[in-house]
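Peer 1: from the sequence below, what's the structure:
(one chain, ligands or ions: 1)
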Amino acid sequence: MEKFIINRNTAQLAVLQRTELISPLLRNLRKILGRYIFSQFLSKYLINTSEISNKYFLLMESEYLNIKKYLTKNQTILSIGSGIGGLELLIAKNLKSHISLIEKNYISKKIRYGWDIKNNEGYNKLKLQYNFFKSNGVSEEFFKAYDFDTDNFPEKKFDIIISLYSLDYHYNFDIYKDYLKKILQPNTIMIFDTIRSEYFKKLFKNIDIIKEENNTVHKSKRIACWDLI
Ligand SMILES: C[S@@+](CC[C@H](N)C(=O)[O-])C[C@H]1O[C@@H](n2cnc3c(N)ncnc32)[C@H](O)[C@@H]1O
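Peer 2: Have a look, this model is predicted:
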């Protein structure tokens, strides 16, 4: 079975970013021992790295297939909140597209997975993300990461902007609104998961709904939209 090359520290990030990778045992231990012990220790030492590698690969492959119709070769892509970037890595590898990644560079002490009004939660490490891309065969020519808290964001034309389970899923779209207004071109396609898809009908001329999550606590829709009004 195909899988990612991933070390324990990076597999921990994948588990923190994708809670569907948490085993039932770990989920129960999180309930009993609390978010701090889970975020700092259990998610790192009570995981099977090889199993996470397989499952994370399959998950990212399914995300790739979900958005594939919007992707072509050699696009310039921005990803907001990519996590370690399994999806973005597959895009760079398969389509030779260049990916810019804006992310946080720290792990919150006790990660809370709801709507984060202050946008304080972070669960990524850019050094680990960098090593993940390199050890899975994507060279620096194809990706560049920007630290949300310390770097100037890239100001260029992007063909696609992706944000899976991050922008407007965990924190308000408005945090990025001014920046996006500067870089969005009429034909730039934005793909993101949101808990309020109706709101974006007022902001964009075109919207496709490409995924719906109705069985989770956090109900959401994945939308592809273009042409900001
Ligand atoms: C639930 S994870 C999703 C990761 C990845 N997109 C995926 O689908 O597996 C949310 C990610 O958003 C990041 N994040 C939080 N606030 C952010 C911000 N203001 N800008 C960019 N990334 C942010 C977190 O660090 C975390 O890696």
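
Peer 1: wait, Ile102 sits on Tyr146?
Peer 2: Yes - Ile102 is within contact range of Tyr146, at 4.8 Å (criterion: CB atoms under 8 Å). C-beta: built from backbone N, CA, C; applies to glycine.

Peer 1: just want the most central residue of the chain.
Peer 2: Within the chain, one residue has its C-alpha closest to the average C-alpha position: by CA atoms, centre = their mean, that is Ser82, at 2.9 Å.

Peer 1: contacting residues for Ile117?
Peer 2: Residues in contact with Ile117, defined by CB atoms under 8 Å, 6 or more residues apart in numbering, are Tyr171, Asn172.

Peer 1: tell me what the lengthiest helix in the chain is packed against?
Peer 2: Within the chain, and with DSSP state H defining each element, the longest helix by residue count is helix 49-67. For helix 49-67, the contact count by 3 or more CB pairs under 8 Å, 6 or more residues apart in numbering; DSSP states H and E identifies helix 8-17, helix 86-95, strand 204-213 as packing neighbours.

Peer 1: okay if I get those as a markdown table plus mean neighbour count?
Peer 2: Compiled in a markdown table, these are given as follows (neighbours: other CB atoms under 10 Å):
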| stretch | mean neighbour count |
| --- | --- |
| helix 8-17 | 22 |
| helix 86-95 | 21 |
| strand 204-213 | 14 |
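
Peer 1: output the ones you listed in a markdown table; the columns should cover mean pLDDT.
Peer 2: Shown next, in a markdown table, are the helices and strands packed on helix 49-67 (pLDDT from 0 to 100):
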| stretch | mean pLDDT |
| --- | --- |
| helix 8-17 | 97 |
| helix 86-95 | 97 |
| strand 204-213 | 95 |
